[in-house]
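Visitor: Build me a model:
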Amino acid sequence: MSILIEKCLTLSTAHMPPPGHEGFDDFGVRSEPHEYGTFVFFGGWPEVESIPAWLRPIYKYARTHECVIVNFDRDVEACDRFKVYEW
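Guide: Coordinates of the predicted model:
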């Protein structure tokens, strides 16, 4: 039996527009809220056009780096690469 290890991109929740983790299922991406934010799972790599505009740059970056999970965490500092939203 082999072991599968998946890569995870961790970003600040500041890179999500309010209300945060709601609505991911509307475009075929699975999400799971946690105490400090939301996990987003990009299994199967949906078409870019099906991803909301705010999430596309993050999705493309995650896909380029083979990260099938994005962890939006409130305790992580925002980065310059992605848009920051006011909550």
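Visitor: Give me the three-state assignment for residue 86.
Guide: coil (DSSP: H, G, I helix; E, B strand; the rest coil).
Visitor: Count the residues that sit near it.
Guide: Using other Cβ atoms under 10 Å, residue 86 has 6 neighbouring residues. Every C-beta, even on glycine, is put in place using the N, C-alpha and C of the backbone.
Visitor: now do residue 83
Guide: By other Cβ under 10 Å, neighbour count at residue 83 equals 12.
Visitor: Could you say which helix or strand holds it?
Guide: For residue 83, there is no helix or strand it lies in under DSSP states H and E.
Visitor: Run through the neighbouring helices and strands of the helix or strand of the chain with the lowest mean pLDDT.
Guide: Across the helices and strands of the chain, mean confidence by mean pLDDT, DSSP states H and E is lowest for strand 30-34: a mean of 89. Counting contacts by 3 or more Cβ pairs under 8 Å, 6 or more residues apart in numbering; DSSP states H and E, strand 30-34 packs against strand 37-41.
Visitor: Kindly export the strand it packs on (C-alpha atoms) in PDB.
Guide: What follows is strand 37-41 as a C-alpha-only set of coordinates in PDB (Å, rounded to 0.1, in the frame of the first residue of the first chain):
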ATOM      1  CA  GLY A  37     -11.100  29.600   8.800                       C
ATOM      2  CA  THR A  38     -11.900  27.300   6.000                       C
ATOM      3  CA  PHE A  39     -10.300  24.400   4.100                       C
ATOM      4  CA  VAL A  40     -11.000  24.400   0.400                       C
ATOM      5  CA  PHE A  41     -10.400  21.200  -1.600                       C
END
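Visitor: low pLDDT regions in this structure?
Guide: Along the chain, segments meeting pLDDT under 70 span 20-26, 28.
Visitor: rewinding a little: pull out the buried positions in the least confident helix or strand of the chain.
Guide: Neighbour-count burial for strand 30-34, counted by 16 or more other Cβ atoms under 10 Å, picks out residue 31.
Visitor: List the pairing partners of that strand within its sheet, with orientation.
Guide: Using DSSP bridges, the strands paired with strand 30-34 are strand 37-41 (antiparallel).
Visitor: Could you pull out the buried residues of the partner strand?
Guide: By 16+ other Cβ under 10 Å, the buried positions in strand 37-41 come out as 37-40.
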